[in-house]
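Enquirer: How does the following fold in three dimensions:
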Amino acid sequence: MFTLIRTAVFTALFLLFCLTSTTTQAAESQSQYGPWVWGLSGGLVEQLDTDFSDAEGEMSVTRSFVQASLGYARDRNTTLSVSVGAGKTDYDFSPLATIDGQQPWGKIENYSVSVPIRFAPSDTTNVILIPSIRTLKESGASSSAGRTQGIIGGISWKLSDTLTLGPGLGWFSEVGGGSNVFPIVVVDWKITDKLSLNTGRGLAASQGPGLSLDYQLDNKWTLGLSGRFEKTRFSLDESTTASSSIGEDRSSPLVASVRYSPWPMTSVTLLAGVEFNGSLRLEDSNGRRLAQTDVDTAAIIGVTFSSRF
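Expert: Modelled structure (predicted):
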């Protein structure tokens, strides 16, 4: 109940901020921008109580994050940015919950630095590269054990005035060794004047391909539906676990959203949905599976904000 109240308060504060901002501020936001652009985004997402599918126990999850960025635009199609983010995922397991008899984890910390690069080799071709370094670890665990690096890249071609399409690929090293490679569809398709399909974005430490379908009601309100695959791996505090060194959380969220943009480059989004195919896993330091349990479908609610200036 406390987490629901916290989400409601968080939502109300941001909506109040947007709705009470003056016309002067909006006008200033629409004025011409220089080559430098600052950005700030964040959010709070609650996964409500759900049961383990194949064992006794239940869990809920609170995810929060904030991200700041600074970008330089040489022209409309050539940009370079630096983004720094931090977040926390607080797992709340019931007192008797275990993963195949193994003790589950607690709070997971996430820190990231990325350098998005975008350029256009021609009038109809766009390239984006996003190298990044991330740390995902349980509170108290070693930062070096949870550090990974990787890159997401994609190329797209403007096939018409309404369709830009191309392939992409992501590669990330993984906590515990090995790497994860996944394909991405780079798409920007204006199906109608109000309906569009775009490459989806994740929340905070999310990793995996996705798509987002948006319907623009007017110049301030947009409805959305997005889906993706999420996978996070993190180092554990070995002082509190007998043999586990690595934790993993997988799911496939499907989310509906309402986005309000009081002025250009600023938005607040309310979201609600479900997470399918949930799975929790424990591994030793060599990546060998020690325990795993599936999680029932869970409801999720949240609020995010984004602003550039």
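
Enquirer: Tally up the residues packed near Val45, please.
Expert: Val45 is flanked by 22 other residues according to other C-beta atoms under 10 Å. The way it works is simple: take the backbone N, C-alpha and C, and place the C-beta from them, glycine included.

Enquirer: Report pLDDT for it.
Expert: Note for Val45: predicted pLDDT of 95.

Enquirer: And for Val9?
Expert: Reading off the model, Val9 has pLDDT 38.

Enquirer: do the one 5 residues further on as well
Expert: According to the prediction, Phe14 has pLDDT 44.

Enquirer: At which residues are the helices of this protein located?
Expert: Per DSSP state H, the chain carries helices over the ranges 2-20, 23-29.

Enquirer: so who does Leu306 touch?
Expert: For the record, residue 306 is Ser, not Leu. By C-beta atoms under 8 Å, 6 or more residues apart in numbering, Ser306 lies in contact with Gly39, Leu40, Ser41, Thr266, Ser267, Thr269.

Enquirer: From those, list the buried ones, please.
Expert: Gly39, Ser41, Thr266, Ser267, Thr269 (16 or more other C-beta atoms under 10 Å).

Enquirer: In this structure, where is pLDDT below threshold?
Expert: For the chain, residues meeting the criterion pLDDT under 70 lie at 1-34, 201-209, 239-243.

Enquirer: give the contact list for the nearest residue to Ser132 once chain neighbours are set aside.
Expert: Counting by C-beta to C-beta, 6 or more residues apart in numbering, Ser114 is the residue found nearest to Ser132 once chain neighbours are left out, at 3.6 Å. Taking C-beta under 8 Å, 6+ apart, we find Ser114 in contact with Val82, Ser83, Gly85, Ile130, Pro131, Ser132, Ile133.

Enquirer: Between all of those residues, which two are at the greatest distance?
Expert: Gly85 and Pro131 (14.3 Å; C-beta to C-beta).

Enquirer: Looking at those two, which one has more neighbours?
Expert: Gly85 (20 against 14).

Enquirer: Please name the bridge partners of the closest residue to Thr125 other than its chain neighbours.
Expert: Using C-beta to C-beta, 6+ apart and skipping residues adjacent in sequence, the residue nearest Thr125 is Trp157, 5.6 Å away. Beta-bridge partners of Trp157, counted by DSSP bridges, are Thr125, Leu165.
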